[in-house]
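Q: Model the structure of this input:
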Amino acid sequence: MPNPRVDRPDQWRRNGFYGDGRTVAEQMALGASRFPRHEMIFVTEQGSQASTLGEIHARGVGIAGALYELGIRPGDVIAVQLPTCLESAVAYQAACALGLVVLPIVPIYGPAEVGFILRQARARAFVIPGEWHGVNYVERLQQSGPTPHLTQLIVLDGHAPEGGMTWTDLESRSSPAFPRPRLSDEDLHMVVYTSGSTAEPKGVKHPHRTLLHEARAWSRFAAGLEQEFFFQPNPVGHMAGILATFLRPFVHGQRTVALEVWDAKTAVELMRRYGTRTSSGVSLVLDAILETVGSDRPVPLDRFVIGGGDLPVSLIRAAIDAGCLALRSYGSTEHPTVTGMSPDDPDDRKVATDGRPMPGVEVRIVDDDGADMPAGGEGEIWTIGPEQFLGYVDEELDRDAFSADGWFKTGDLGRVDDAGFLTVTGRKKDIIIRGGENISTVEVERTLLTHPAIREVAVTGTPDSRYGQRVVAFVVLRDGAELDLEGVRRHFAEAGLSRQKTPEALQVVVQMPRTALGKVDKQGLRELLTTGTGTTWT
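A: Down below sits the predicted model:
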């Protein structure tokens, strides 16, 4: 009996979406040979790190040999929790050359999240900073609980603990002499963890072919500008940062200037210095760029690809008025780019919709029974396409994630017009998107319920012009108990969760409003926010 999840990739291959079956390792080597002098510049708090694609690839191949000497083998998982820096790009090249499965972890993840990810993904090697932004990452790892599969810890700076080594020690062992892996473009290449509607992060599995196709598809947005300087503001633990920093330069010859820590003033200065033509990010980034430029127009960008949650129409218009074509897109870690605008799309669609499906991608809008809605009707967005992920590390999650015939159930709501343009209208899954970060309300609620003062809790998001949404906690306290926002902050820090998941507003209520079925009425709670009574903001 045909299996749609298996047969679809064969169809996409026949239609040419997977090219010649090249692996990421082969593409990295090809890109380094075609564009050896194309620059990559990383601007960190310690200064600028400048290199070229040829140099980065060569360093990575050498480190691959060092990792092989240490017993790391093709197919092993290497976790990398580095900020956006030169070493993160070199580590990626090393992983590709040795045929490792890459596990990027955003630096803001705390010990609870890191421990869970390392254990579930069975990571063999782990690359971390010594200290970054006041956090000691060695101590954080020690607080993460047992990591039974981890055999090699590499610390970027400072001192390595017993059994580990520094990045300098690792690079001193560099050697290009190691057996090259025999890989297929169908082999697993990367696992990226994303927070969603479940309490724990979900491991998203991508083979070589999906991410390479996704990188190639960038031409829809950057047609004619693929080899110009791209401004990279996204963390390299996020799909947007992964693609822009690690893959697209070696596919298109993209020149890149990347910023380690977001700062709008620095960003605009870098754009002007290097003559950047394109960039991408969430609404927070674009809004801050426009605010920084102010009346000193035009914006030093030709195009900005924007996604990651609620996108105000006013922001898109303001960017266009300032001389920067803002191109909306829609996607997720599971399906990186589902739809997107192209520069020649109609102006009214550019402002108000999220674009048309990418090459090879199909979109369905379905009702609660999985039946297709007519054009213009609102329902859940289902997608399928050549850059769609394989499934989750926890295969139990696949049962709810896919339809029987292979469509990915995004959990988002939207509608498609007669011309095929998608407009995302909301989220069926109960998550909060703050500054491009997915935050599970379930995880936040569970953490709050471990506080001794709290009897009942509900967490929701509230619109915010800067971050898209902010995290709001409604709590019913136990008799005689008291709690303020500072107490909530301390509790989350002790629980080991990242600061972004900590509630930014606290509303104490006598009882929760409920629906007829007895569920907490979160819409009713959101309406309470309009009064502002009892809410404490940061």
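Q: P513 contacts V476, doesn't it?
A: No: with contact defined as Cβ atoms under 8 Å, P513 and V476 do not form a contacting pair (11.3 Å). Yep, even glycine has a C-beta here, placed from its N, CA and C like the rest.
Q: Spell out for me which residue occupies the centre of the chain.
A: Residue closest to the mean C-alpha point of the chain, counted by Cα atoms, centre = their mean, is H238 at 2.6 Å.
Q: So, low pLDDT: which residues of the stretch 51-200 of the chain?
A: Along the stretch 51-200 of the chain, segments meeting pLDDT under 70 span 196-199.
Q: quick one, what contacts the closest residue to E291 other than its chain neighbours?
A: Once flanking residues are discounted, E291 sits nearest to A264: 6.9 Å by Cβ to Cβ, 6 or more residues apart in numbering. Listed by Cβ atoms under 8 Å, 6 or more residues apart in numbering, the contact set of A264 reads 288-289, 291-292.
Q: Next: H491.
A: So H491 contacts 447-448, 450-451 (Cβ under 8 Å, 6+ apart).
Q: and it, helix, strand or coil?
A: Recorded secondary structure, H491: helix (DSSP: H, G, I helix; E, B strand; the rest coil).
Q: On the pLDDT front, check it for me.
A: H491 carries a pLDDT value of 94.
Q: From S144, how far off is it?
A: The gap separating H491 from S144 is 19 Å, by Cβ to Cβ, to the nearest Å.
Q: again with L483
A: Taking Cβ to Cβ, one finds L483 at 28 Å from S144.
Q: re the thing from before, determine which two of the contacts of A264 are furthest apart.
A: I289 and E291 (7.3 Å; Cβ to Cβ).
Q: what two of the contacts of H491 are the furthest from one another?
A: T447 and H451 (8.1 Å).
Q: which of the two has more neighbours?
A: Legend: neighbour count by other Cβ atoms under 10 Å for T447 and H451, higher for T447 (24 against 21).
Q: the strands in the stretch 101-250 of the chain, which residues?
A: Along the stretch 101-250 of the chain, counting by DSSP state E, counting those that start in this stretch, strands occupy 101-104, 125-128, 131-132, 135-136, 152-155, 165-166, 188-194, 202-207, 229-232.
Q: give me the low-pLDDT residue ranges for this protein?
A: 1-6, 196-199, 309-310, 429, 515-519, 530-538.
Q: Show me what the longest helix seen in the chain is packed up against.
A: Longest among the helix segments of the chain by residue count, using DSSP state H, is helix 53-69. In terms of contacts (3 or more Cβ pairs under 8 Å, 6 or more residues apart in numbering; DSSP states H and E), helix 53-69 is packed against helix 24-34, helix 86-98, helix 167-172, helix 248-252.
Q: Could you export those helices as CSV, including distance to F126 and mean neighbour count?
A: Converted to CSV, the helices and strands packed on helix 53-69 look like this (distance: least, Cβ to Cβ, whole Å; neighbours: other Cβ atoms under 10 Å):
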stretch, distance to F126, mean neighbour count
helix 24-34, 21, 20
helix 86-98, 11, 26
helix 167-172, 12, 16
helix 248-252, 24, 25
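Q: how about those helices in JSON lines, adding distance to R122?
A: Compiled in JSON lines, those are given as follows (distance: least, Cβ to Cβ, whole Å):
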{"stretch": "helix 24-34", "distance to R122": "20"}
{"stretch": "helix 86-98", "distance to R122": "15"}
{"stretch": "helix 167-172", "distance to R122": "21"}
{"stretch": "helix 248-252", "distance to R122": "27"}
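Q: Of those, which is nearest A79?
A: Proximity of these to A79 was assessed by Cβ to Cβ; the nearest stretch is helix 86-98, lying at 10.1 Å.
Q: relative orientation of the closest one and helix 53-69 in degrees?
A: 60 degrees (axes from the mean of the first three to the mean of the last three Cα atoms, to 10 degrees).
Q: isn't T147 right up against A121?
A: No: in this structure, T147 is not within contact of A121 by Cβ under 8 Å, at 10.2 Å.
Q: Which members of the contacts of H491 are positioned in helices?
A: Judged by DSSP H, helices contain the following of those: 447-448.
Q: Present the contacts of H491 as CSV; the columns should include distance to L247.
A: Shown next, in CSV, are these (distance: Cβ to Cβ, whole Å):
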residue, distance to L247
T447, 34
L448, 38
T450, 40
H451, 42
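Q: which one of the contacts of H491 sits closest to I105?
A: Checking these one by one against I105 (Cβ to Cβ), the nearest turns out to be T447, at 19.5 Å.
Q: Identify the residues contacting the closest residue to H189 other than its chain neighbours.
A: Excluding the flanking residues, the one nearest H189 by Cβ to Cβ, 6+ apart is H208, at 4.5 Å. H208 is in contact with 22-24, 183-187, 189, counting by Cβ under 8 Å, 6+ apart.
Q: again, 6 Å this time
A: H208 makes contacts with 23-24, 185, 189, as judged by Cβ atoms under 6 Å, 6 or more residues apart in numbering.
Q: what's the burial count for Y109?
A: Neighbourhood size, Y109 [other Cβ under 10 Å]: 24.
Q: ignore the last one, V509
A: So V509, with other Cβ under 10 Å, has 16 neighbours.
Q: Run a quick neighbour tally on the spatially closest residue to it that is not a sequence neighbour.
A: Nearest residue to V509, sequence neighbours excluded (Cβ to Cβ, 6+ apart): F474, at 5.5 Å. Residues near F474, counting by other Cβ under 10 Å, number 28.
Q: One more: the one 3 residues further on?
A: Neighbour count of L477, defined by other Cβ under 10 Å: 17.
Q: who's in contact with it?
A: Applying Cβ under 6 Å, 6+ apart, we find L477 in contact with A453.
Q: roughly how far apart are it and V442?
A: Counting by Cβ to Cβ, the gap from L477 to V442 is 21 Å.
Q: swap in T84?
A: T84 is 29 Å from V442, by Cβ to Cβ.
Q: Who has more neighbours out of the two?
A: Between T84 and V442, counted using other Cβ under 10 Å, the more crowded position is T84 (24 against 17).
Q: shouldn't the more buried one be in contact with E260?
A: Yes: contact criterion Cβ atoms under 6 Å: T84 and E260 qualify, at 4.8 Å.
Q: so who does L118 touch?
A: So L118 contacts T147 (Cβ under 6 Å, 6+ apart).
Q: could you redo the last one with a cut-off of 7 Å?
A: L118 makes contact with 79, 126, 144, 147, 150, according to Cβ atoms under 7 Å, 6 or more residues apart in numbering.
Q: Would you format those as JSON lines with neighbour count and distance to P233 included?
A: Converted to JSON lines, the contacts of L118 look like this (neighbours: other Cβ atoms under 10 Å; distance: Cβ to Cβ, whole Å):
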{"residue": "A79", "neighbour count": "24", "distance to P233": "23"}
{"residue": "F126", "neighbour count": "24", "distance to P233": "26"}
{"residue": "S144", "neighbour count": "21", "distance to P233": "28"}
{"residue": "T147", "neighbour count": "19", "distance to P233": "31"}
{"residue": "L150", "neighbour count": "20", "distance to P233": "31"}
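Q: among the residues you listed, which two are most distant?
A: Farthest apart among those by Cβ to Cβ are A79 and S144. That separation is 11.2 Å.
Q: hang on, the earlier thing: which one of the contacts of L118 is nearest to P312?
A: The closest of the contacts of L118 to P312 turns out to be A79 (Cβ to Cβ; 36.0 Å).
Q: which neighbours does the strand or helix carrying the closest one have in its sheet, and in what orientation?
A: A79 is located in strand 77-80, with elements delineated by DSSP states H and E. The pairing partners recorded for strand 77-80 under DSSP bridges are strand 101-104 (parallel), strand 125-128 (parallel).
Q: ok, now which ones touch the nearest residue to V361 once chain neighbours are set aside?
A: Once flanking residues are discounted, V361 sits nearest to G385: 3.3 Å by Cβ to Cβ, 6+ apart. By Cβ under 7 Å, 6+ apart, the contact list for G385 reads 335, 358, 360-362.
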